[in-house]
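# Here's a sequence, model it:
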Amino acid sequence: MMKPKQIAEILKALSAEKRVEIIDMLKDGPCCVSSIAGRLDISEPATSQHLRILKALGVVDNRRDGMNIYYCLCPKRLDKLNQIIKSLCCCDMRCCQEEEQETKKDEG
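I've put the predicted structure just below:
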């Protein structure tokens, strides 16, 4: 089990809107810095800094292809983050399960 300080650091890193947007974008597949920067309308250096933080968390990985570096998600680490977030809920997720069931009823 992770210590609260470690969990807080992870959540702090994920609190940046652009990092969440990057994670969401990478769900569609690998992207290079220039593509990410263009879609998010931020500079390449700013994009690289966000990616560096996400890589340090283990959320993304990269591979070089010629002059470009492509970033992709690390599903195992994302699963671990999901478990961390679930562990913070003190109700054994009953409230979330009930909410999810209500949402399915509303959609169905």
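
# Helix, strand, or coil at the residue nearest in space to the middle of the chain?
The chain has Ile23 as the residue nearest its centroid, 4.3 Å off, counting by C-alpha atoms, centre = their mean. Secondary structure, DSSP: H, G, I helix; E, B strand; the rest coil: Ile23 is helix.

# Any figure for the gap between it and Cys89?
21 Å (C-beta to C-beta, to the nearest Å). Glycine gets a C-beta too; all of them are placed from N, C-alpha and C.

# just Met67 next, same as before
Met67 is 45 Å from Cys89, by C-beta to C-beta.

# do Glu9 as well
19 Å.

# cool, and Lys3?
18 Å.

# mind checking how far Lys105 is from Cys89?
From Lys105 to Cys89 the distance is 21 Å (C-beta to C-beta).

# Mind checking what secondary structure Met2 has?
With three-state DSSP as the basis, Met2 sits in coil.

# one step back: okay, Met67 and Cys89: which has more neighbours?
Using other C-beta atoms under 10 Å as the criterion, Met67 and Cys89 rank with Cys89 on top: 11 against 6.

# where do the strands sit along the protein?
Remark: strands assigned in the chain by DSSP state E are 31-32, 60-65, 68-73.

# can you give me the offset of the shortest one from its chain's centre?
Averaging C-alpha coordinates over strand 31-32 and over its chain gives two centres that are 15 Å apart (C-alpha atoms, centre = their mean, to the nearest Å).

# do the same with stretch 81-88
For stretch 81-88, the distance to the chain centre is 13 Å (C-alpha atoms, centre = their mean).

# Repeat that for stretch 59-72.
16 Å.

# which parts of it are buried?
Buried residues in stretch 59-72, defined by neighbour count with 16 or more other C-beta atoms under 10 Å: 59-60, 62, 70-71.

# In contact with the residue nearest to the centre of the chain, which residues?
Residues in contact with Ile23 (C-beta atoms under 8 Å, 6 or more residues apart in numbering) are 54, 59-60, 73, 78.
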